[in-house]
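Visitor: show me how the following folds:
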Amino acid sequence: MFKIGEFSKLVRVSARMLRHYDKCRIFCPAAIDRFTGYRLYSAEQIPLLKRIIILRDMGFGIEEIEEILPHYEDLSFMQKALEQKSKHINTVIIKEQKKLDEIAAMSDKIRKMEEKRMIYNVEMKALPAVKVLSLREIVSAPENEPEQWEKMWGFVKSEGVDCNATGYSIYHDEEYKESDIDIEIAVPVSVMGESQSGFSYRTLDAIPLAATIQFSGSYENYSAAMEKLAMWVQQNGYVFSGLIRGLGIVMPGAGIDIKDYLTELQVPVRKV
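Guide: The predicted structure follows:
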């Protein structure tokens, strides 16, 4: 079971929104700790929450989501619901166009009946300490992280830093946030230099035991990989004991196709 902050980071939904869904009775905690009153969530709840988020992002309200969820597997019902929402979106201003596109994409997925599923394997291993050049900033939105990497590679080039082509992304917030996100990016270096202009040389601590999982292709595959990792950790009697970090093994760059990207998620764990 996961505390609300841990679960928030797993599913990338704010704790505030999880509490709101609980209040609306469409997504409640799996249990309440009788001693502390803390909300506790289970990895088995992730697929249901993903459905709620998909419907929310298409513009369905809480009452609509509550009505649709019991019929989510009914393709005819879903197709009708999507068509009705499409007609509504066509009457609103241009900023609603994004929701209409998401509905069209969802309709296409339903017609295909079955999505291609990737196979993910969880590996337990010890991770050694790593010397890195680090840049930690408060980023206004998740999609702005690439700007951090542009700064990093610019500094590496201007200072002639001898570094590895891989890179880490470490998220320091206790829960998922949609804005003002505390993100640290880092690249392994062979020699520690002098920290300057917000760039710091430091050592990432060794992790005695980490659950790791790799996924290829688009970063949109992050959610599926994290779901698999959460299920494995819970089913095998482990709990998270540190920050989740992503290691870009093959990262975006000149001449690299998106299908060739390779990312490893790493999370410290301990046995319950």
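
Visitor: checking my notes, residue 136 in a strand, right?
Guide: Yes - counting by DSSP: H, G, I helix; E, B strand; the rest coil, residue 136 is found in a strand.

Visitor: would you map the helices across the stretch 101-250 of the chain?
Guide: Here the stretch 101-250 of the chain has its helices, by DSSP state H, counting those that start in this stretch, at 145-159, 222-235.

Visitor: could you identify which of those is most buried?
Guide: Most buried of those by mean neighbour count (mean count of other C-beta atoms under 10 Å) is helix 222-235; its value is a mean of 18. Bear in mind the C-beta positions are built from the backbone N, C-alpha and C, glycine included.

Visitor: can you list contacts of that one?
Guide: 1-2, 10-12, 42-44, 46-47, 50, 117-118, 120, 122, 211, 213-215, 239-240, 246, 263, 265, 267, 269 (C-beta atoms under 8 Å, 6 or more residues apart in numbering).

Visitor: quick one: distance of it to the chain centre.
Guide: Relative to its chain's centre, helix 222-235 lies at 11 Å (C-alpha atoms, centre = their mean, to the nearest Å).

Visitor: can I get that helix in CSV, CA atoms only?
Guide: Provided in CSV are the C-alpha atoms of helix 222-235 (Å, rounded to 0.1, in the frame of the first residue of the first chain):
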residue,chain,number,x,y,z
TYR,A,222,6.5,6.4,-18.7
SER,A,223,3.1,5.8,-17.2
ALA,A,224,2.9,2.1,-18.3
ALA,A,225,6.4,1.4,-17.1
MET,A,226,5.7,3.1,-13.7
GLU,A,227,2.5,1.1,-13.3
LYS,A,228,4.4,-2.2,-13.9
LEU,A,229,7.1,-1.1,-11.4
ALA,A,230,4.5,-0.2,-8.8
MET,A,231,2.7,-3.5,-9.1
TRP,A,232,6.0,-5.4,-8.9
VAL,A,233,7.2,-3.6,-5.8
GLN,A,234,3.9,-4.1,-4.0
GLN,A,235,3.5,-7.7,-5.0
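
Visitor: with respect to residue 105, which of the helices of the stretch 101-250 of the chain lies nearest?
Guide: Minimum separation from residue 105 across the helices of the stretch 101-250 of the chain (C-beta to C-beta) falls at helix 222-235, 15.4 Å.

Visitor: quick one: mean pLDDT over that closest one.
Guide: The pLDDT scores in helix 222-235 average 90.

Visitor: just the strands from this protein, written as ranges.
Guide: 2-3, 31-32, 39-41, 122-127, 130-139, 167-171, 181-188, 199-204, 207-216, 238-240, 245-250, 262-271 (DSSP state E).

Visitor: on that earlier part again, could I get the helices of the stretch 101-250 of the chain as TSV with distance to residue 71?
Guide: TSV is the format used below for the helices of the stretch 101-250 of the chain (distance: least, C-beta to C-beta, whole Å):
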stretch	distance to residue 71
helix 145-159	37
helix 222-235	23
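
Visitor: nearest to residue 172, out of those helices?
Guide: helix 145-159 (13.2 Å).

Visitor: against which helices or strands is the closest one packed?
Guide: Counting contacts by 3 or more C-beta pairs under 8 Å, 6 or more residues apart in numbering; DSSP states H and E, helix 145-159 packs against strand 130-139, strand 167-171, strand 181-188.

Visitor: which residues sit against it?
Guide: For helix 145-159, using C-beta under 8 Å, 6+ apart, the contacting residues are 133, 135, 137, 139, 161, 163, 167, 169, 183, 185, 187, 193, 197, 199, 252.

Visitor: can I assume the third one is in contact with residue 198?
Guide: Yes - using C-beta atoms under 8 Å, residue 137 makes contact with residue 198 at a distance of 7.3 Å.

Visitor: which of the two has more residues huddled nearby?
Guide: Legend: neighbour count by other C-beta atoms under 10 Å for residue 137 and residue 198, higher for residue 137 (16 against 11).

Visitor: in the chain, where is pLDDT below threshold?
Guide: The chain contains residues with pLDDT under 70 at 93-96, 109-119, 254.

Visitor: ok, 80 please
Guide: Along the chain, segments meeting pLDDT under 80 span 90-99, 108-120, 142, 218-220, 252-255.
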